[in-house]
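Undergrad: sequence and computational prediction follow.
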Amino acid sequence: MITLSSDFGSPYPGAMKGVLLQWTDAQLVDIAHDFPRQNVPASAFWLTQVLPYFPPAVHLAVVDPGVGTDRDAIVVSAGEHALVGPDNGLLVPPARILAADDERFDVYRVAVTHEQNSADPTSQWPPDPASSTFHGRDVFAPVAGRIHEASVDTLADIEGLEPTDEYETLRFPDYEEVDDGLRGEVIAIDAFGNVITNVPGETIESHVGTQVRVNDIPAPVRRTYAAVDRGERVVTIGSHGNVEFAVNQARGEVAFGLSVGDTVHIDW
Amino acid sequence: MITLSSDFGSPYPGAMKGVLLQWTDAQLVDIAHDFPRQNVPASAFWLTQVLPYFPPAVHLAVVDPGVGTDRDAIVVSAGEHALVGPDNGLLVPPARILAADDERFDVYRVAVTHEQNSADPTSQWPPDPASSTFHGRDVFAPVAGRIHEASVDTLADIEGLEPTDEYETLRFPDYEEVDDGLRGEVIAIDAFGNVITNVPGETIESHVGTQVRVNDIPAPVRRTYAAVDRGERVVTIGSHGNVEFAVNQARGEVAFGLSVGDTVHIDW
Amino acid sequence: MITLSSDFGSPYPGAMKGVLLQWTDAQLVDIAHDFPRQNVPASAFWLTQVLPYFPPAVHLAVVDPGVGTDRDAIVVSAGEHALVGPDNGLLVPPARILAADDERFDVYRVAVTHEQNSADPTSQWPPDPASSTFHGRDVFAPVAGRIHEASVDTLADIEGLEPTDEYETLRFPDYEEVDDGLRGEVIAIDAFGNVITNVPGETIESHVGTQVRVNDIPAPVRRTYAAVDRGERVVTIGSHGNVEFAVNQARGEVAFGLSVGDTVHIDW
């Protein structure tokens, strides 16, 4: 099984699927191709929300503002899963979770060649990208297809994969406890307009049923969206386990005036 | 085979797929994840347009404004198909059609537990949702995966499914014949901007070739969009069998000034 | 394997999938359903960018402004691939590439009947469309499902397929060399806002590292988007091999003021 995640929109993922299916008969599962465009941290967050629910799989994930520069392509083995994508931190947060208890995972650099001979991505190994702008098709898809045919335990035996301890990392910002409240950050906004923060849900557990202020906007803390009237603001614990600002049946990011990266103060 | 329909946008359906694939090796078929947001009747209409074309399958469908409240999760067996989703009427119109001649179908309530122990949706049965806001992942996907491994004839034997005669129902509004015309309602607008009504196509069969008025806007009745010039309004019988207001190669809902739920008068 | 491409948006492709799965157990692979609406040349361009990466497959592609008129449904055999869609030129550019060296491909007309008996698309052969507006479901899906069960070498043996030399063709416009530059045309704009022209990349190979003017707007020619600062314009060779106008991490079609079909002058 190979999952596909990217910010490619359409129809570029189709070309990746074609290349994958030249390398393997694996079942392909689309996760999303509208990840926040060229936004590595927000995309990494979404990967942490989705990949842990999968059985062992190869996860191809490409959000790659540095495509065509000398950033490496990497493979990460984490638990029984493997991740394939650019070395820009994207794969690190989901790898920590897939690696489970000890958060230990292994990273391999892909020995991509650059002979500029427009090699065919459906057969050339190691990859030699035909383009400087579409490594999803020319590098990452061949890698995901190739390693799917191996076992996640034998990645070290694959020609062109080199174990490395040097890779880009990524940590989501920490929240802070402050006088009479918390200070956090917006890490994603979902398709419903729900504003997702880096603040763990347990910090507001004891406030459920009360009213708080979010950047001075008053809102009740409740367990469900439907606990407030349609159109009303609500602070809740999202399915991701973090504090979320929402509006019942409408858009929280509009009602709270928040965007990804914004600082939020929650006052009790 | 399991089909997936929702108003979740992206990337939440990816988590549902992961959970499903922990329960079953079934082929997963995406229908749509951009159903009209939290609009149960319009989403139910789309299910009636798509599900009847499938071979026997489990259909997971989630449009669920009441997520986290005490509305039940249900399974419906209809003909050789099973449907899984919230008890809010969504599954009833497609179930009537899948049940075929006699429109009889059976409904089972899922005995969801609420131990608040953050049970793992990939293994806990009956489901005990970890979240109050994402039952697609925590309740409906486990149910769809679990029943796919059984037969649609043996649902009654599955622990945690209880036959019930009490469930929410849903009927699309009826159209009316009025002086020199018809009065109907807009039930959906498709991705092309075609305005779909609840008026059966046979009511305008005898008017093909003539001109009618739609809320006082004149428009010809024709069999195809291309029977009028590009940019011109046309009244036609859509692929759903109902009367539709369209514009050749442009957007009917703009040209006719109509939205879902609007009343329409067709005058001969 | 059957790939699906269309401009149908959502949820109509779901009905096509249902019909296909009544005719065949083939793996279904979504390419895109948001092809430029009713724009046959731009959609044909995207097919040329995606289909050649696939292993032998049946490719169902529907962008069909003439649905319901007397335009034919055709099947094209090209190399080990088959294409199914409307006879409006859409399938010709990808067929030339899939046919490989000699660009020779064979075309078959589908003997669609029009008994107006609302035949069931899941079983009727040859197709007899129930609707005048959704031949993706009523004609093209049954054809794709039916021929998938045959071999691409034996299409001539299938009842209802008639070899023909008369079909609509389509060629992308040629670019021209002019005084001190090139004149081309915008053939597509991708999801990132990159402006894709009909000008082959090799024409600017010798200009990499220099500055050119695009309709009098100065821009550097570079191999990657990231070779210029974020927000800066760049002329590059896209993954499709053609000249592309882009902005690093922003939208090229806005910065260059270009739309599909526009003429572009590149001055050295």
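TA: Okay, I see it.
Undergrad: what about stretch A:19-30, near chain C?
TA: Yes: shown here: stretch A:19-30 in contact with chain C (Cβ under 8 Å from any Cβ of the partner chain) through A:19, A:21-22, A:28, A:30. Using the backbone N, CA and C atoms, a C-beta is placed for each residue, glycine as well.
Undergrad: is that stretch anywhere near chain B?
TA: Yes: Stretch A:19-30 is in contact with chain B by Cβ under 8 Å from any Cβ, via A:29-30.
Undergrad: average pLDDT for that stretch?
TA: Per-region confidence: stretch A:19-30 scores 96 on mean pLDDT.
Undergrad: any idea how far that stretch is from the middle of the chain?
TA: Stretch A:19-30 has its C-alpha centroid displaced from the chain centroid by 21 Å (Cα atoms, centre = their mean, to the nearest Å).
Undergrad: gap between the two ends of it?
TA: Start-to-end span of stretch A:19-30 (Cα to Cα, to the nearest Å) is 15 Å.
Undergrad: what do you get for stretch A:50-70?
TA: Taking Cα to Cα, the first and last residues of stretch A:50-70 lie 29 Å apart.
Undergrad: output the lengthiest strand in chain A in PDB with nothing but the alpha carbons.
TA: Among the segments of chain A that qualify as a strand by DSSP state E, the longest is strand A:181-189. Listed next in PDB are the C-alpha coordinates belonging to strand A:181-189 (Å, rounded to 0.1, in the frame of the first residue of the first chain):
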ATOM      1  CA  GLY A 181      -4.300  31.700  30.600                       C
ATOM      2  CA  LEU A 182      -2.300  30.200  27.700                       C
ATOM      3  CA  ARG A 183      -0.400  31.500  24.700                       C
ATOM      4  CA  GLY A 184      -0.300  29.300  21.600                       C
ATOM      5  CA  GLU A 185      -0.200  29.500  17.800                       C
ATOM      6  CA  VAL A 186      -2.500  28.500  14.900                       C
ATOM      7  CA  ILE A 187      -0.900  25.600  13.100                       C
ATOM      8  CA  ALA A 188      -3.700  24.800  10.600                       C
ATOM      9  CA  ILE A 189      -7.200  25.700   9.500                       C
END
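Undergrad: who does it touch, helix- and strand-wise?
TA: Other helices and strands packing on strand A:181-189, by 3 or more Cβ pairs under 8 Å, 6 or more residues apart in numbering or on different chains; DSSP states H and E, are helix A:40-50, strand A:176-178, strand A:195-200, strand A:263-267.
Undergrad: farthest pair within the residues of stretch A:19-30 next to chain C?
TA: With Cβ to Cβ as the measure, no two of the residues of stretch A:19-30 next to chain C lie farther apart than A:Gln22 and A:Asp30, at 18.0 Å.
Undergrad: for the two, indicate the residue with more neighbours.
TA: Neighbours around A:Gln22 and A:Asp30, counted as other Cβ atoms under 10 Å in any protein chain shown, are more numerous at A:Asp30. The numbers are 20 against 17.
Undergrad: tell me who's in contact with that one.
TA: By Cβ atoms under 8 Å, 6 or more residues apart in numbering or on different chains, the contact set of A:Asp30 is A:3-4, A:13, B:14, B:30, C:30.
Undergrad: what's across from it in the sheet?
TA: Under the criterion DSSP bridges, A:Asp30 forms beta bridges with A:Leu4.
Undergrad: ok, and the closest non-adjacent residue to A:Gly252?
TA: A:Ala246 (4.1 Å; Cβ to Cβ, 6 or more residues apart in numbering or on different chains).
Undergrad: quick check on that neighbour: phi, psi?
TA: According to degrees, to the nearest 10, the main-chain angles of A:Ala246 amount to phi -140, psi 170.
Undergrad: my read: it touches A:Arg223, true?
TA: No: with contact defined as Cβ atoms under 8 Å, A:Ala246 does not count as touching A:Arg223 (11.9 Å).
Undergrad: run through the stretch 101-250 of chain A and note the low-pLDDT ranges.
TA: For the stretch 101-250 of chain A, the stretches with pLDDT under 70 are A:116-118.
Undergrad: residue of it closest to chain C, please.
TA: For the stretch 101-250 of chain A, the nearest residue to chain C under the criterion Cβ to the nearest Cβ is A:Phe134, separated by 3.1 Å.
Undergrad: got a list of what that residue touches?
TA: A:12, A:15, A:67, C:238-239.
Undergrad: so what's A:Phe172 closest to, chain neighbours aside?
TA: Spatially, and ignoring its direct neighbours in sequence, A:Phe172 is nearest to A:Asn198 (5.3 Å; Cβ to Cβ, 6+ apart).
Undergrad: including mean neighbour count, could the helices and strands packed on strand A:181-189 go into TSV?
TA: Formatted as TSV, the helices and strands packed on strand A:181-189 follow (neighbours: other Cβ atoms under 10 Å in any protein chain shown):
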stretch	mean neighbour count
helix A:40-50	24
strand A:176-178	11
strand A:195-200	23
strand A:263-267	18
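Undergrad: now render those as a markdown table, adding distance to B:Ile266.
TA: Below are the helices and strands packed on strand A:181-189 laid out as a markdown table (distance: least, Cβ to Cβ, whole Å):
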| stretch | distance to B:Ile266 |
| --- | --- |
| helix A:40-50 | 46 |
| strand A:176-178 | 62 |
| strand A:195-200 | 44 |
| strand A:263-267 | 51 |
